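[1] show me how the following folds:
(chains A and B)
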Amino acid sequence: MTENTIINEDNIARVRDLLVSLENGDEAGAKEVIDELASVRETNLYQEVGKLTRELHDAIGAFGMDDRITDIAENDIPDARQRLNYVITKTDDAANRTLTAVEESIPLCEQMEQRSKELMDGWQKFTNREMTVDDFRDMSKGMDDYFTSQSDSFTQVKAHLNNILMAQDFQDLTGQIIKRVINLVAEVEGNLVNLIKIAGLPEHVEPHKKSTVELEGPIVPGVDSGDTVSGQDEVDDLLSSLGF
Amino acid sequence: MDKNIKILVVDDFSTMRRIIKNLLRDLGFTNTEEADDGLTALPMLQSGSFELLVTDWNMPGMQGIDLLKAVRADEKLASLPVLMVTAEQKKEQIVEAAQAGVNGYIVKPFTAQTLEEKLKKIFERLES
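    Numbering: from 1, shown residues only, chains lettered A, B, ... in the order given. Modelled structure (predicted):
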């Protein structure tokens, strides 16, 4: 910083000149020397500002991510929001398709169950020789109907089972989408950590206090959610300890 | 256990309502209706002759815990059995629900057996 110090040969000479001019009553000469001193000072100031600006620019450059950060904010985050909404749509759709298939299969199974029971009762009567010829004729017809309708019902149930199978294709797609969003979150996190380092924020910050009524939602393994139970058994234990 | 009782199932996710309704039907309870949050459920409870309320906790509008409190505060509904089925697993929340007078607390994900068990318990208590 020697070039910035004001104690140097040039300035000493200038001040001597100034003193001589003042003693000689040389107003114009004195003014000229004072202007000269002021300009030296200004030049130093501009140099300093210039240096600081360059340092700031370098720091941002070293951060290296300014373009990428803009890109994240403008494209990736809205993109991620859309992707996650798509995950909701996909999983919702899969759940509904599965539920519909189950809801349509259950009555078919109940019907078959009921008709099997009826036929079994008839068959029992037959083997016990408690059946009239007319009853036997009815039962034969019943068996005929049963075998035909059973075959239809099984075809339908099989189609529903296939629908349930196909509805699971959401897992692969949503898994890939969620992975991409996780990567994005990790990148944003890394950038934020860099930003904090550059900004030199205090290392210790008071943790944000959570309100006690805040709902946590489902427990996720590996995420600390405070004082929680880990399943129905613990809920039951807790409630029975309260006299439930 | 009277299987013809009228049951109101409250959850903001239609898939969860469908699952609970199907499980209830499998247990023989076919007389069920649905609501998607406390605000819709409360007038239904006040005007209908429901004999059991199955509700989620975390819902927009009116939450399950507030619905439970509103039910207990309502003279006509105060003794209605309430079963909570929720993903909330904080101990203080379970305690809060118990203090508000919940009759059963099931955490998601749950099984058909758990639902049956808790329903049995609720009705056994009511009968004794």
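[2] any idea which element B:M84 lies in?
    Following DSSP states H and E, the helix or strand that holds B:M84 is strand B:82-86.
[3] pull out the buried residues from that strand.
    B:82-86 (16 or more other C-beta atoms under 10 Å in any protein chain shown). In this view, the C-beta of every residue, glycine as well, is placed from N, C-alpha and C.
[4] between those, which is closest to B:K3?
    Distance to B:K3 across the buried residues of strand B:82-86 (C-beta to C-beta) is lowest for B:L83, with 15.8 Å.
[5] now the closest one. Nearest residue, chain neighbours left out?
    Closest residue to B:L83 apart from its sequence neighbours, by C-beta to C-beta, 6 or more residues apart in numbering or on different chains: B:G104 at 4.2 Å.
[6] that neighbour: neighbour count?
    As a burial measure, B:G104 scores 25 neighbours (other C-beta atoms under 10 Å in any protein chain shown).
[7] also A:K179?
    For A:K179, the neighbour count with other C-beta under 10 Å is 10.
[8] element containing it, please.
    Under the criterion of DSSP H and E, A:K179 resides in helix A:170-199.
[9] who are the contact partners of B:A35?
    B:8-10, B:41, B:44 (C-beta atoms under 8 Å, 6 or more residues apart in numbering or on different chains).
[10] should've said B:A97
    Contact analysis of B:A97 by C-beta under 8 Å, 6+ apart lists B:57, B:65, B:68, B:84, B:105.
[11] please repeat the previous calculation with a cut-off of 7 Å.
    Contacts of B:A97 were listed using C-beta atoms under 7 Å, 6 or more residues apart in numbering or on different chains, and they are B:65, B:68, B:84, B:105.
[12] and the second one, which of the three is it?
    With DSSP: H, G, I helix; E, B strand; the rest coil as the basis, B:L68 sits in helix.
[13] one step back: what strands line up against the strand holding B:M84, and which way round?
    strand B:52-55 (parallel), strand B:104-107 (parallel) (DSSP bridges).
[14] ok, residues contacting it?
    Here strand B:82-86 has contacts from B:20, B:52-58, B:64, B:68, B:71, B:97, B:102-108, B:110, B:118, B:122, using C-beta under 7 Å, 6+ apart.
[15] now swap in stretch B:100-116 and tell me
    A:218, A:231-232, A:235, A:239, B:23, B:26-27, B:65, B:68-69, B:72, B:81-87, B:89, B:94, B:97, B:118, B:121-122.
[16] alpha carbons of that stretch, as PDB, please.
    Extracted C-alpha coordinates of stretch B:100-116, given in PDB (Å, rounded to 0.1, in the frame of the first residue of the first chain):
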ATOM      1  CA  ALA B 100     -61.000 -34.200  23.500                       C
ATOM      2  CA  GLY B 101     -62.800 -37.400  24.000                       C
ATOM      3  CA  VAL B 102     -61.900 -39.600  21.000                       C
ATOM      4  CA  ASN B 103     -63.100 -43.200  21.300                       C
ATOM      5  CA  GLY B 104     -60.400 -44.800  19.100                       C
ATOM      6  CA  TYR B 105     -57.200 -43.700  17.400                       C
ATOM      7  CA  ILE B 106     -55.700 -45.500  14.400                       C
ATOM      8  CA  VAL B 107     -52.500 -44.400  12.700                       C
ATOM      9  CA  LYS B 108     -52.100 -44.700   8.900                       C
ATOM     10  CA  PRO B 109     -51.000 -46.900   7.200                       C
ATOM     11  CA  PHE B 110     -53.400 -49.300   8.900                       C
ATOM     12  CA  THR B 111     -54.700 -52.800   8.300                       C
ATOM     13  CA  ALA B 112     -58.300 -54.200   8.000                       C
ATOM     14  CA  GLN B 113     -57.700 -56.100  11.300                       C
ATOM     15  CA  THR B 114     -56.800 -52.900  13.200                       C
ATOM     16  CA  LEU B 115     -60.000 -51.200  12.000                       C
ATOM     17  CA  GLU B 116     -62.100 -54.200  13.000                       C
END
